[in-house]
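Student: Need coordinates for the below:
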Amino acid sequence: MKKKPNFIFILTDDQGPWALHCAGTEELSTPNLDALAAEGLRFDNFFCASPVCSPSRASILTGKIPSAHGVQDWIRSGNIARELCDGQDLFGDYSEERTPTQYLAGEKTYTDILSQHGYECALSGKWHLGDSMNPQHGHSQWYTIGKGEVAYFQPDIIEDGNITKREGYITDLITDKALDFLHDFSHKESPFYLGVHYTAPHAPWGKEHHLEKYWQLYEGSQFKEMPNTADHPDSVVNPVSSIPGERERLLTGYFAAISAMDAAVGRIVTQVSELGMGEDTYIIFMSDNGMSMGHHGVWGKGNGTFPQNMYEEAIKVPCIFSCPSKIRATGVCSTLVSQLDIFPTLLELAGINAEHGDKYRPGSSFVSLLGMESQGKFIEQDIIICEEYGPVRMIRTEGEKYIHRYPYGPHEYYDLHNDPEESRNLIDSPACQHRIVGLRSRLEEWFLHYGDPLKDGLRESNKGYGQMDRVGPNARVLHKFAPE
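Tutor: Next comes the predicted model:
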C-alpha cells in the first residue's frame, strides 16, 4: 500500500439487521450487498448506540454515548435557518426551524482527526446533526438534505450553501454525487474518507415515492417471511394490522427502497474497481439504527412505541466490512460489536493513534476481528453492550438483556439463550433476581463512567418526539424537547 487507506462509509437509515437477503430474508433482493458481504466480513451482532437516528450518528462519529455528546433524540430543530425555507416548496414542515445549531460543536469526531492527518473528507447524503447548511467536522465537500426526512422524488438538497428542490430520486442523486467525489479523488495523492449516507429505507413507503421497477419486484407479495401479528399495545404509529392490505403496502415500499439502494451500492463498488482503488479502499456498510417492520407488532424503531423499546430489531444493525485485498477474515462474525467501536477501528486502520485516554470513549478497535494485525486484541470476554434512549437504558450480554426505564419502569429481563424472540419478560421471576440485580449494577456503573453529568439523558424530558436544542449549559432555550 503506497499511502494511507481510503474509506467509503455507506450509512443507511432505519434498516433492520434482518433486512438483507444474505442475513436470512430471502424475499428481499440485495445482490450487490450480498456480494460485498461475500468478499468481506458481515457482522450479525452489531449494535447501534441508540435506536434512533441522530444519537446513533453522533455516537458513530464521536465514539461517545449520547449522555456524553448530548444528542439524545432525532434533531427536530436547528437544522437550517427558517428564512431560507420561506417561499420555497420544500418537503415537510420547516416551521419549527429557527437558527442552525451545530449539535456536535466542541466534540472531536474521527473525521476531524482524519482531516488533521491529511485525509480529504466528503459527505454525500443525510447529516441530521444540526446546521445542514455548513460543512463541519473535517468535511471539505458537502452535499446533504435539509432535515432528517426527505421526499424520495424531488428532494430538498443543500449544495454550495443553498437549499433547493431537485428533480430525481434521492438515492440516485446521493450516488451520483458520491461518484463525482470518487472521480475527483482518483486524481489526487491524498487519502480520502467518503460518507455516503442514504435516506433509504426510511419512510415514506407509498408507491408514488419509489421507482416502479423496484416496486414491481414486491407488488402482490404476501411477505411470508415477515411477521404478521397484531399491533403492539404501546404503538404510537397509525394502525397497521387492522387495515386490510396496509402491512403489504408498507413492506412493498420498504423493500423497494432497499433494493434501489442496493443497486446504488453496486454502482459505487463498480466505480471503485474501475478507478483502480480496490487495493487501498475499505468499504463499510451499516445502518444508523435498526427497524421493526411488524416484529413484536411494532412498525418503527425505538420510538415506534411509548415507552421507547429496545427490541433486538431496533438495536441491531446490518454491518459489512469489505476490502478484499486487506481483510483476511471473511464470512460472518457473531462477536458482539458496537457503533462505539467504529471510532478507534477506523483510526487504527488509518495508522492514527486513537486517543485511548479519553474517559468518555468506551469502544475498542476490532481490527483483529478483520483478520489483521492490531495494536491490541478486541475485548471478547464478558462483553457487554449498553444503549440508551432518554430514560430507557439497556445492558446486553451474549445471552441476557436487561432494560431499565427510569424512574418508574416498566423494566424487562430476557433470557436470550432460551427466548431469542423476547417473548417472555422474566423481570418478576424469583429465580432471575440475582442476575437482574447484577446487570442493573453494571448498567449504572457504565453510565456513571462514560456519561457526562452535564449531558446525562436522564436530566431531559425525552419522549421520542425530537430534540429542539442542545442539552446542558450549552442550550439556548429552557424547553429542549417537544412537549407531549
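Student: switch to C-alpha atoms for all contacts and neighbour counts from now on
Tutor: Will do.
Student: Specify the residue positioned farthest from the middle of the chain.
Tutor: What lies farthest from the middle of the chain is residue 430; by C-alpha atoms, centre = their mean that is 36.8 Å.
Student: I'd like the distance between that one and residue 306.
Tutor: 27 Å (C-alpha to C-alpha, to the nearest Å).
Student: Any idea how many residues pack against residue 26?
Tutor: The burial count assigned to residue 26 is 12, neighbours taken as other C-alpha atoms under 10 Å.
Student: and the nearest residue to residue 462 once chain neighbours are set aside, what does it touch?
Tutor: When the adjacent residues along the chain are set aside, residue 462 lies closest to residue 390, with 5.2 Å between them (C-alpha to C-alpha, 6 or more residues apart in numbering). For residue 390, the contact set (C-alpha atoms under 8 Å, 6 or more residues apart in numbering) comprises 72-73, 457-458, 460-464.
Student: just residue 161 next, same as before
Tutor: By C-alpha under 8 Å, 6+ apart, residue 161 lies in contact with 133-134.
Student: Just the local confidence number for it, please.
Tutor: Per-residue pLDDT puts residue 161 at 90.
Student: and the gap between it and residue 17?
Tutor: Counting by C-alpha to C-alpha, the gap between residue 161 and residue 17 amounts to 35 Å.
Student: Grab the longest helix from the protein for me.
Tutor: In the chain, taking DSSP state H as the definition, the longest helix is helix 246-274.
Student: what's the following helix or strand after that helix?
Tutor: Under the assignment DSSP states H and E, the closest C-terminal helix or strand after helix 246-274 is strand 281-287.
Student: Counting neighbours, what do you get for the residue nearest to residue 345 when sequence neighbours are not counted?
Tutor: Across the structure, with C-alpha to C-alpha, 6+ apart as the measure, the residue nearest residue 345 apart from its sequence neighbours is residue 365 (4.1 Å). Look at residue 365: counted by other C-alpha under 10 Å, it has 24 neighbours.
Student: do the same with residue 421
Tutor: Using other C-alpha under 10 Å, residue 421 has 15 other residues around it.
Student: Can you check the pLDDT for it?
Tutor: The per-residue pLDDT of residue 421 was computed as 97.
Student: Which strand or helix spans it?
Tutor: Short version: residue 421 belongs to no helix or strand, going by DSSP H and E.
Student: From residue 312, how far out is it?
Tutor: Look at residue 421 and residue 312: by C-alpha to C-alpha, they are 8 Å apart.
Student: Next: residue 55.
Tutor: 17 Å.
Student: Show me which of those two is the more surrounded one.
Tutor: Each of residue 55 and residue 312 has its neighbours counted (other C-alpha under 10 Å); residue 55 has more, 29 against 21.
Student: Angles on the backbone of the more buried one, please.
Tutor: phi -60, psi -40 (degrees, to the nearest 10).
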